[in-house]
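> sequence and computational prediction follow.
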Amino acid sequence: MLDFIYYPVSAILWFWHTVFGAVLGPDNGVAWALAVVFLVFTLRILLLKPAIKQVRTTRLMQELGPQIKALQKKYSGDRARQATEMQKLQKEHGFNPLMGCLPALVQAPVFIGLYHVLRSFNRTGTGLGQLGMSPEANAHTANYIFSAADVQSFLSARLFGAPISVAITSPQSTLASFASHGGIPTVATIAAVAIPLMVIAGLATHFNARASLARQSPEAAANPQSAMMNKLMLWVFPLGVLAGGPFLMIAILLYWVSNNIWTYGQQHLVFARIDREEAAKEHAVVERRE
């Protein structure tokens, strides 16, 4: 149903694997890891413009907060008039509420597609359908634009001794299937790679939330619903990453880490750029007054 998303995502992953595979070798685990990381970076670059617009919309919404509250109070008994005045205020300031949620609506199917493509390496093959089937079984079927040989390469690729296609909780039968592909990996070997990725992803999720909340207006932070959501973002979501990490294959953990690291850097760069623009506007206003 979402093949129009799965095929482009698969194509980007194939491109980066081809690039890094040409240097490091197509079966190299680092080449596959870098392909996943740069797949995330490519998608985030494509979504950068909507993300910047989202930040601008959020900032404008905070600036209009007092005026919006005043209108709500003034026309509390007349919803139709209140809506009309709200539209006038938004039009006057070029405010588009849709831009506040559009990036999230665009990102959701894209990253669902990315997650699906990575999992599909472990689900290819007629009648397999289970996460973590053996490389020998899956190698007979292609995965979107990846050939059967590419699927085999992904399933047998290792990062510091751990196959990137397995999770800490992968059953022993799945691990035993790697006997002819570099030896059977141990849970300890997989955990030694997966746990640091889980910790980094959890910390990045926490600090992303902290950076976002630092930009929140005092009025929004004082709202009880916002306060509850802030706690979820700061503590529950990062803990959720740690709790769910053992069930995710290493390739998906790489996606999670790289996505969070990109978000952290993007927030600081975008906010710094917008702060400079606003400072320049204020300076221009002062000069005109003088």
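Structure's in. What do you need?
> which non-adjacent residue is nearest the residue most central in space within the chain?
What sits nearest the mean C-alpha location of the chain, by C-alpha atoms, centre = their mean, is residue 259, with 4.4 Å. Closest residue in space to residue 259, ignoring its immediate chain neighbours: residue 40 at 5.0 Å, by C-beta to C-beta, 6 or more residues apart in numbering. Heads up, the C-betas are built off the backbone N, CA and C, glycines and all.
> so residue 56 is in contact with residue 275, correct?
No. At 11.9 Å, residue 56 does not count as touching residue 275 under the criterion of C-beta atoms under 8 Å.
> okay, these two: which has more neighbours?
Neighbours per residue, other C-beta atoms under 10 Å: of residue 56 and residue 275, the larger number sits with residue 56, 18 against 12.
> contacting residues for residue 115?
252, 255 (C-beta atoms under 8 Å, 6 or more residues apart in numbering).
> can you name the helix or strand that it falls in?
According to DSSP states H and E, residue 115 maps onto helix 98-120.
> start to end distance for stretch 162-174?
This stretch, stretch 162-174, spans 13 Å end to end (C-alpha to C-alpha, to the nearest Å).
> and for it, what's in contact with it?
Under C-beta under 8 Å, 6+ apart, the answer for stretch 162-174 is 29, 32-33, 36, 121-122, 132-135, 154-158, 175, 178, 181, 185, 187, 189-195, 245-251, 254.
> show me the residues you listed that map onto helices.
29, 32-33, 36, 135, 154-156, 175, 187, 189-195, 250-251, 254 (DSSP state H).
> any of the residues you listed buried? List them.
For these, a burial check counting by 16 or more other C-beta atoms under 10 Å picks out 29, 32-33, 36, 135, 154-156, 175, 187, 189-190, 193-194, 250-251, 254.
> show the contacting residues for residue 111.
43, 259.
> for it, give its distance to residue 259.
Remark: distance between residue 111 and residue 259 (C-beta to C-beta, to the nearest Å) = 7 Å.
> same question for residue 166.
21 Å.
> what's the answer for residue 109, then?
15 Å.
> low pLDDT regions in the stretch 151-290 of the chain?
217, 219-223 (pLDDT under 70).
> for it, which segments count as strands?
158-159, 162-163 (DSSP state E, counting those that start in this stretch).
> any idea which of these is most buried?
Most buried of the strands of the stretch 151-290 of the chain, by mean neighbour count (mean count of other C-beta atoms under 10 Å): strand 162-163, with a mean of 26.
> how close does residue 64 sit to residue 72?
Distance, residue 64 to residue 72, by C-beta to C-beta: 12 Å.
> how about residue 42?
Distance from residue 42 to residue 72, by C-beta to C-beta: 43 Å.
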